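Visitor: I would like to see how this sequence folds:
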Amino acid sequence: MKSKGLYLVLATAVISGVSIFINQYSVKVVNPYIFTGLKNIMVAVLLFGLIIILSQWKNLKKLNKKNWLTLVLIGLIGGSIPFLMFFKGLEMTSGPEASYIHKFLFVFIALLAPIFLKEYWRWHYIIGVAALVIGSILLFDINGLFQWQTGSLLIVGATFLWAVENMISKKAIAKISPQIVAWGRMFFGSIFIVAFWAYTEQLGSLATLELNQIYWVLLTAVLLFGYVTTWYTGLKYIPLTYAAAILALGAPITALLQLIQGKAFDTAQLAGMGIMFAGVILFIYLDRKICSRSKTQPVTQ
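Guide: Purely as a prediction, here's the structure:
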């Protein structure tokens, strides 16, 4: 069953890379706050439908007060505030830069997981993560990494909040189904975003949406639905630190799409892209091999 977690998170990484590539255009067309709110509402509806299809309605009714409070907290720090920050930041930066910063989610998680989840690093984790960091620096140009602008800082803040939320979600999945956790994140997150719309007097913007703007919302909502479904289900089977490192694969995927689109990359950037891909493959290979040698069950099997 744990191989299922690996494949699901690999799917998440692909969806993430494609999604950020597309979202960089969508936030230029739609108000980023309205965009992320509508998208999250649609995903919450889709996830509720999934809960019904999977016959988990009874499990939803069995949640206790603590479970509900956990879902509300996940919605606040995972499904609302960071989304508002991220998509506003994405509007102010480029897709590859946003993808690069977001994929450093694994750094935040690697620092927090030993404390909150007791997930301690093995030596091969360090090798894999080092490859990802080196590849990232080459791919996104070290000279530009420290020229932080407001948009970059917003994405950093959003990424950190998502790291914290993932800690909470990983624990929650032990008692609550991944689909319900994902739904809680998007449902309560949507409520907080609608409250933000009302507070900032943006509700009237909904009436001015045009057909092409609705198209962008629908397209990205489908991608986000795929992201949260594969990610939270995958977390049920593999450690969060492991999953976050694999998710970093999304950054070179975004860059690869830029390359196909016609964006010019120099030799160092192409090497960085290759190193990041190789880093994830090495990470998975070493984990399976070392766990097999130590006669323990590999996290990917």
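Visitor: show me the contacts for the closest residue in space to residue 104 that isn't next to it in sequence.
Guide: In space, and not counting its chain neighbours, residue 104 is closest to residue 159: 6.4 Å by CB to CB, 6 or more residues apart in numbering. Placement of C-beta: from N, CA and C, glycine included. For residue 159, the contact set (CB atoms under 8 Å, 6 or more residues apart in numbering) comprises 82, 86, 101, 102, 104, 105, 108.
Visitor: want to throw the residues you listed into TSV with distance to residue 155 and secondary structure?
Guide: Below are the contacts of residue 159 laid out as TSV (distance: CB to CB, whole Å; DSSP: H, G, I helix; E, B strand; the rest coil):
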residue	distance to residue 155	secondary structure
82	9	helix
86	6	helix
101	5	helix
102	6	helix
104	10	coil
105	11	helix
108	12	helix
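Visitor: and of these, the nearest to residue 266?
Guide: Nearest to residue 266 among those, counting by CB to CB, is residue 101 at 20.7 Å.
Visitor: where's the closest one relative to residue 185, distance?
Guide: In this view, residue 101 and residue 185 are 21 Å apart by CB to CB, to the nearest Å.
Visitor: okay, buried residues for the strand or helix carrying residue 281 please.
Guide: Residue 281 belongs to helix 267-293 when assigned by DSSP states H and E. For helix 267-293, burial by neighbour count (16 or more other CB atoms under 10 Å) applies to 269, 272-273, 275-277, 279-280, 282-284, 286-288, 291.
Visitor: do stretch 42-54 as well
Guide: 42, 43, 44, 45, 46, 47, 48, 50, 51.
Visitor: for residue 255, see how far away the third one is.
Guide: This means residue 44. 31 Å.
Visitor: just the fifth one next, same as before
Guide: Between residue 46 and residue 255 the distance, using CB to CB, works out to 29 Å.
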